[in-house]
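K.L.:
Would you be able to build a 3D model of this:
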Amino acid sequence: MTRIGIFFGSNTGNTRKIAKMIKKRFPDDERIADPLNVNKATPELIAGYDHLILGTPTLGEGLLPGLDADCQQESWAEFLPRLADVDFSGKTVALYGLGDQEKYPDNFADALGELYEFVKTRGAKVVGQWPTDGYDFIASKAEVDGEFVGLVQDLDNQKMLLEDRLETWLLLIAKEFGLVLK
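P.N.:
All right, here's what the predicted structure looks like:
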């Protein structure tokens, strides 16, 4: 039975790509569900998982993906209000996000910070904090106590670091989720 859900919001497909990379790292583990775009998810589906991996890009100047951010489909901006009554107590959540530190250094990966605040205030145990070393930005809502609240990827300026960062982060969260990397 699956007990780890991978959900993402996306605009260009990069967040989806990372979700698929995560699933691919655990090919034989039936506890991990296939990644699902939040525009196809329900609050009941999210509530049914003990462990969640949630991903989001940051659009423009710090926006969650959604119709107000000029996405062609609904995404996190529309889905989070539907999750308002979901209790995340007892759930372990790992977060990853995308941002552009050169074009948007004042609100780098801000949407990840919004997702963090949402699940944290509803009782989630958030794991997988990530160091800010190696990034060049001014401010980020995703930074708490000198660390990012989850893995941050900048595919516009640091695409070459994607694989190594993802691998290291998955090692960080694997223990919390009871997973073994292949």
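
K.L.:
what pLDDT, on average, does the longest helix belonging to the chain get?
P.N.:
In the chain, with assignment by DSSP state H, the single longest helix is helix 162-177. Helix 162-177 comes out with an average pLDDT of 94.

K.L.:
Residue numbering should commence at 893 henceforth.
P.N.:
Renumbered: residue one is now 893, and that last one reads helix 1054-1069.

K.L.:
Identify the residues contacting it?
P.N.:
When contacts are defined by C-beta atoms under 8 Å, 6 or more residues apart in numbering, helix 1054-1069 is touched by residues 896, 910, 913-914, 917, 943, 945, 984, 986, 988, 1019-1020, 1022, 1042-1043, 1045, 1047, 1071-1073. For the C-beta atoms, the positions are set from N, CA and C on the backbone; glycine is no exception.

K.L.:
mind running it again at 6 Å?
P.N.:
Contact partners of helix 1054-1069, identified using C-beta atoms under 6 Å, 6 or more residues apart in numbering, comprise 896, 917, 943, 984, 986, 1019-1020, 1043, 1045, 1073.

K.L.:
What about those, which are in strands?
P.N.:
896, 943, 984, 986, 1019, 1043, 1045 (DSSP state E).

K.L.:
who wins for neighbours among the residues you listed?
P.N.:
residue 986 (28 neighbours; other C-beta atoms under 10 Å).

K.L.:
Roughly how far does the closest residue to that one other than its chain neighbours sit from residue 955?
P.N.:
Spatially, and ignoring its direct neighbours in sequence, residue 986 is nearest to residue 1020 (4.0 Å; C-beta to C-beta, 6 or more residues apart in numbering). Per C-beta to C-beta, to the nearest Å, residue 1020 is found 23 Å from residue 955.

K.L.:
can you map out the strands along the protein?
P.N.:
Secondary structure of the chain, counting by DSSP E: strands at 896-900, 928-929, 943-949, 984-990, 1017-1019, 1022-1023, 1035-1036, 1039-1040, 1043-1045.

K.L.:
Parallel or antiparallel, list what pairs with the fifth one.
P.N.:
The one in question is strand 1017-1019. Each strand paired with strand 1017-1019, and its direction, by DSSP bridges: strand 984-990 (parallel).

K.L.:
Now do the partner strand against strand 943-949, angle only.
P.N.:
Taking axes from the mean of the first three to the mean of the last three C-alpha atoms, to 10 degrees, one finds that strand 984-990 is oriented at 20 degrees with respect to strand 943-949.

K.L.:
Taking helix 1054-1069 as reference, get the angle to strand 984-990.
P.N.:
Strand 984-990 runs at 170 degrees relative to helix 1054-1069, counting by the same axes, to 10 degrees.
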